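Trainee: could you work out the structure for the sequence below:
(2 chains)
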Amino acid sequence: MTLNDLKLGSKGRIEKIKVDGKTRQRLIDMGLTEGVIVESALRSPSGDPIAYYIRGTLIAIRNEDSSKVICEAI
Amino acid sequence: MRKIVLIGNPNVGKSTVFNALTGMKQHTGNWTGKTVNSTVGEYQYNNYKYQIYDLPGTYSLIPTSFEEEVVRDFVYSGDYDVIVIVCDAVCLERNLNLVLQIKEVTDNLVVCVNLMDEAKKKKIIIDLDKLSKELNVRVVGTSARSKTGLGELKEVIEDIYNNKDSVDINKIDFSEDKVELNFMEAERISNKVITYEKKDYHYKDRVIDKILTSRLTGIPVMIILVLIIFWITIRGANYPSMLLFRLFEFLEGYLTMFFNYFNAPDWLYGVLVLGVYRVVTSVISVMLPPMAIFFPLFTLLEDVGYLPRIAFNLDRCFQRCKTCGKQALTMCMGFGCNAVAVVGSKIIDSPRERLIAIITNSFIPCNGKFPTIIALISIFFVGSGFGSLLMLTGIIIFSVLLTFLVSKLLSLTILKGTSSSFVLELPPYRKPQIIKVIIRSIFDRTLVVLGRALVIAAPAGLIIWLLSNIHLNNISLLTSFANFLDPAAKLIGLDGMILAAFILGFPANEIVIPIMIMGYIKMGSIGDFNSLLDLREILINNGWTWLTALCVMLFSLAHWPCSTTCLTIKKETQSIKWAVVSFLVPTITGITLCFLVNNIVQLLGLI
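Mentor: Take a look at the predicted model:
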């Protein structure tokens, strides 16, 4: 499944990041690396973007990008 | 002098550490040739002077934005003695990536784990000694807000300075794999040194976030908060504005006596007192109080951590316009002052999106436009009271929609492109530092803007006075100018005098109405109109209808940015071209809007 499909309030393990370019670098710098466990925490009023807890911080990511992050629900 | 550099992720209280170390001894500028803020300060410790640089917040030495590039270049330049890496105790793990990166570049560093008090509140225990051993660098815990741990930090900095060995800098080209390894190491270290005594330590934040960002309440709460700020600003500014007017009037009496005493010629008195002095003081009177109220309130929202939530709430709309959600923040700043918002647009990483934010910012009514809009609402539409608040809300929402529309059009035409990423950290809510907020917002924003406005208001006062006092064939230049503009102005629902006032009001939107009144009642200098009733009479006697009022409000929302904003745009974009575009886009939009509204209303026979 992809990160944006992760149910609100549930956790997942990141398997692959298929985003390219600067966004990829930014995501990785913010701690979204393969293997890390994240939690889908907050939905904006329109459902996009969604904010995730990544290594103790809350990070908002657009669905356009999070739909390119493969994860496994745990 | 010993040179210290502060570096760290955004939102870790780096500036608080900086302020606590330097006190008031600091100044803000730009990095040479770049429009990235640099703040430099000083402190003394054991009779040695330390110069301290506050670098922009950065996540990594692999730059993904212009600011991060500046940071990396500075770190690689080696032009410093000690690096202080400020970390957030609450999310130490993420911060450790930067620490591990910098550790490879230089040996002369100290890790400052800040916000220890926040961590303690959330029952997060950090073993600093163990952290120091694991990282093999010096570690100091601080709570910069309550000034705890700073003495130790200064001591360690001195110690590192005294024992610093080679100043070798390893300019490492960090790879993605390296960052992943760093995070694995960060995870390992965190597991060893951090204990969470409370599992869901984010609980409070989660509850607040649910209210502030949910589908049901997110947007309404946002609108209400913004309205409350406006209400406080407008209500609160009334009285001080009046006091300032009176004070300046009183001082004018003395100035007049002074001029009389020296038998100064009338024209000199006219130019300096009735022209320059009156315009300058009325700009101060109308501009200073609302800004001195709005900016602290705005900075308070910033300090608490609410602003990123606004960007989060509104990002979807900006995404549709192919721009960045952070534009929501510059939009909010625009309500205070467009020039400040233009400076603030630095937070938007992509140059294309930043330009769109800058160009469309003048659609957002600043403090200077509100009095005009509110006066017209209550005179021509719904009176004062709740109805006017509702209509004002409508106008604000309209200005936001206009921003979206024009942003989208720009994205499809001259600033073509797709939206870049939007990865935004939503920092934890924090108790604001009220006193600091007030001081910072007054000095950094209010006074800066006021200063810039005055530089232009003075010559404008001179021109306005000359125009209204030089007569050709018994008609003042101002009236001739208005007559000349009249046919064109009538097409867009205004009249010549209104358009002339908008043009002469280029230095500050606040003086548009006063100039208009001056022209209508053929006074030689601008003065204070006493009440809305007088204003109503003057306007109606000069042929105003509700349609005129509507067109004036529309034109007020959409016309050229004030001179301060234009200058700021030129400075920030370092391009005359974009300043001109920023001038033309809202002007053309306004003319089109007014033309359409005026003609449609008349065609439909609504008036």
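
Trainee: now the element after the lowest-mean-pLDDT helix or strand in chain B, going C-ward?
Mentor: One helix or strand of chain B scores below all others by mean pLDDT, DSSP states H and E: strand B:26-30, with a mean of 61. Next in sequence after strand B:26-30, counting helices and strands by DSSP states H and E, comes strand B:37-45.

Trainee: quick check: phi and psi on A:K11?
Mentor: A:K11 adopts backbone torsions of phi -110, psi 160, taken as degrees, to the nearest 10.

Trainee: and whatever residue of the stretch 451-600 of chain B ends up closest to chain A, how far is that from A:K68?
Mentor: When scored by CB to the nearest CB, the stretch 451-600 of chain B has B:T573 as its residue closest to chain A, at 21.1 Å. Any C-beta I mention is one placed from the backbone N, CA and C, and that applies to glycine too. Going from B:T573 to A:K68 by CB to CB, to the nearest Å gives 32 Å.

Trainee: what are the pairing partners of the helix or strand harbouring B:Y53, and which direction each?
Mentor: Following DSSP H and E, one finds B:Y53 within strand B:48-54. Paired neighbours of strand B:48-54 in the sheet (DSSP bridges): strand B:2-8 (parallel), strand B:37-45 (antiparallel).

Trainee: what comes up buried for it?
Mentor: B:Y50, B:Q51, B:I52, B:Y53, B:D54 (16 or more other CB atoms under 10 Å in any protein chain shown).

Trainee: CA atoms of the helix or strand that it is followed by as CSV?
Mentor: Going down the chain from strand B:48-54, the next helix or strand is helix B:66-77, by DSSP H and E. What follows is helix B:66-77, C-alpha atoms only, in CSV (Å, rounded to 0.1, in the frame of the first residue of the first chain):
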residue,chain,number,x,y,z
PHE,B,66,18.3,28.5,-1.3
GLU,B,67,18.6,29.1,2.4
GLU,B,68,20.1,25.6,3.0
GLU,B,69,22.6,26.3,0.3
VAL,B,70,23.7,29.5,2.2
VAL,B,71,24.0,27.4,5.4
ARG,B,72,26.1,24.7,3.7
ASP,B,73,28.4,27.2,2.1
PHE,B,74,28.9,28.9,5.4
VAL,B,75,29.7,25.6,7.2
TYR,B,76,32.1,24.6,4.4
SER,B,77,33.8,28.1,4.4
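
Trainee: run through who's touching whatever helix or strand comes next after helix B:66-77.
Mentor: Heading C-terminal from helix B:66-77, the first helix or strand you meet, by DSSP H and E, is strand B:82-88. Strand B:82-88 is contacted from outside by B:2-9, B:11-14, B:17, B:75, B:95-96, B:98-99, B:102, B:106, B:108-115, B:118, B:153, B:157, B:160-161, B:164, using CB atoms under 8 Å, 6 or more residues apart in numbering or on different chains.

Trainee: partners of strand B:82-88, with directions?
Mentor: With DSSP bridges as the test, strand B:82-88 pairs up with strand B:2-8 (parallel), strand B:109-114 (parallel).

Trainee: go through these and pick out the most buried.
Mentor: strand B:109-114 (a mean of 25; mean count of other CB atoms under 10 Å in any protein chain shown).

Trainee: name the residues that touch that one?
Mentor: With CB under 8 Å, 6+ apart, strand B:109-114 has contacts from B:8, B:12-14, B:16-17, B:82-89, B:92, B:99, B:102-103, B:126, B:128, B:131-132, B:135, B:137-144, B:149, B:153, B:156-157, B:160.

Trainee: before I go, just wanted to say thanks for your time.
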